[in-house]
Structure formats: structure tokens, C-alpha cells
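Novice: build me a model:
(one chain, ligands or ions: 1)
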Amino acid sequence: MLFNLLKLLHKDGFIYIPQGKLLLKPILQGLGEVTHTAEVIPDRYSPALLRSTKALSPHTDHPKIRYIVLLCEQPAEKGGTSLLIDGWNILEQMTPQERKRLQSLYLKTHKVFPDDAPCFPILSYEQGTIHLYYTHWLASEKIKNNEVFQKLTTFIFESTPIQIKLKKNDLLILDNWRILHGRTAIYGYRKLQRYWIKC
Ligand SMILES: [Fe+2]
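Specialist: Below is the predicted model:
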């Protein structure tokens, strides 16, 4: 089972497992080291994006995180649909020169781990794979005015995301170096457990 799931994760960049709660432990063990766990509960008064009820545009999480595992403990009454975009497909639409330029464009990072650098390139190649880091609200004004960044942003925002409405006990696993994730606005109570996994 784990073999087939990981094969699928490498093929598509994500796996959606309806009623997959029982597989949570073996999946976490198979993916790597869980470095951060968070309860994601919306609060419409919270200024923190993680806890907000607003729609979130497509982004990747912290660049050190290779996989994100989400367990739905309580779906929203309305909204809260996960939106997924294959970032590697977006990069493929850009020219080799533009991809080269993305390697020299850096976005800010949130300080989460002690050895975190203040910024990280949008595109890098690590551990034999492609690493996309994209969060448009962490871009400086200078980066926002860069035409290659603007082109990447346009491709991302104009692409049609895969939509998944998580139900209770569903699992969603994302390759954070490849899949951009967002969500629609949340109405009512919703609770997800989020696991961040380093390679
Ligand atoms: Fe996120």
C-alpha cells in the first residue's frame, strides 16, 4: 500500500486519500521526519494567514518543508475547498532563460527553523529534483515589478486548479516543492491537522 501511494506521490505531486486516517502513521513514517505539527482552525478575527477564514491564493509553504500532510478532522460547513496547481507544469511553460532568471529571484522566508536564511530562490535544484518556492505576499516590491516574476504569477493565477473538498478523516499529501496550494474562503468551523515533513 505505502509503495503504491509513494509512487503516486512522485508521479502527480500529491495524493488525496478519502477516509485515509488509518494510513496517517505509516505515511508519515514513510515520508521522513515530522518537524512541525499544527492544528489549523479558522478564526475570522485572526491576522495570521494560517488561521484566517479568507480565501488563500496558491503558494508553497516554508522551503525546507518537502511534504505537507493534511488530515481533515472537521470539514467546513461551506467553502474551505483545497485548490492545487502543479507548479512544475507552470515552470515548463516558461523559457529556459526565464527559468534561469527565477533561480536568481529570492522571496522572503518566515523564520521557523534556527538555521533559516532570510530569503530563498523561487527556483532551485536540490537532491536531484526541482524545487519551486512561491508565495506572492512574501515578494518585495522589487520582485513584484520583475517581469519574469509577473509572468510566473500570471501563469499561476490563470491556471485551473484541481479542487478537493476534504471530508472528515480524509488525507491530503502534497509535495511542497512542486504543488502550489490554496483554498476558498471558509464558512463555519473547520479543523485540519497539518504535518510538515522535512526530507
Ligand atoms: Fe500553506
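Novice: from residue 59, how far out is residue 10?
Specialist: Relative to residue 59, residue 10 is positioned 22 Å away (Cβ to Cβ, to the nearest Å). All C-beta atoms are positioned from the backbone trio N, CA, C, and that covers glycine.
Novice: which residue is nearest the centroid of this protein?
Specialist: residue 60 (3.8 Å; Cα atoms, centre = their mean).
Novice: still on that earlier bit, between residue 10 and residue 59, tell me which one has more neighbours.
Specialist: Summary of the neighbour comparison: residue 10 and residue 59, criterion other Cβ atoms under 10 Å, with residue 59 having more neighbours (20 against 12).
Novice: excluding chain neighbours, give the residue nearest to that one in space.
Specialist: For residue 59, the nearest residue in space outside its immediate sequence neighbours is residue 135; the separation is 4.1 Å by Cβ to Cβ, 6 or more residues apart in numbering.
Novice: any idea how far that neighbour is from residue 96?
Specialist: For residue 135, the distance to residue 96 (Cβ to Cβ) stands at 24 Å.
Novice: who has more neighbours, those two?
Specialist: For residue 135 versus residue 96, neighbours defined as other Cβ under 10 Å are more numerous around residue 135 (21 against 7).
Novice: I'd guess residue 29 is in a helix, am I close?
Specialist: Yes. Residue 29: assigned to a helix according to DSSP: H, G, I helix; E, B strand; the rest coil.
Novice: quick one: the helices in this structure?
Specialist: In the chain, the segments counted as helices under DSSP state H are 2-12, 24-31, 87-92, 96-102, 141-144, 147-158.
Novice: what's the closest of these to residue 166?
Specialist: Distances from residue 166 to each of the helices of the chain were compared using Cβ to Cβ; the minimum, 13.5 Å, belongs to helix 24-31.
Novice: can you say which of the helices of the chain is packed in most?
Specialist: Burial among the helices of the chain, expressed as mean neighbours by mean count of other Cβ atoms under 10 Å, is greatest for helix 87-92, which shows a mean of 18.
Novice: which other residues reach it?
Specialist: When contacts are defined by Cβ atoms under 8 Å, 6 or more residues apart in numbering, helix 87-92 is touched by residues 13, 60, 99, 102, 123, 130, 132, 134, 152, 155-156, 159, 178-180.
Novice: alpha carbons of that helix, as CSV, please.
Specialist: As requested, C-alpha coordinates have been extracted for helix 87-92 and formatted as CSV (Å, rounded to 0.1, in the frame of the first residue of the first chain):
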residue,chain,number,x,y,z
GLY,A,87,4.0,24.2,-10.2
TRP,A,88,6.3,22.1,-12.4
ASN,A,89,3.8,22.3,-15.2
ILE,A,90,3.8,26.1,-14.8
LEU,A,91,7.6,26.2,-14.9
GLU,A,92,7.5,24.1,-18.1
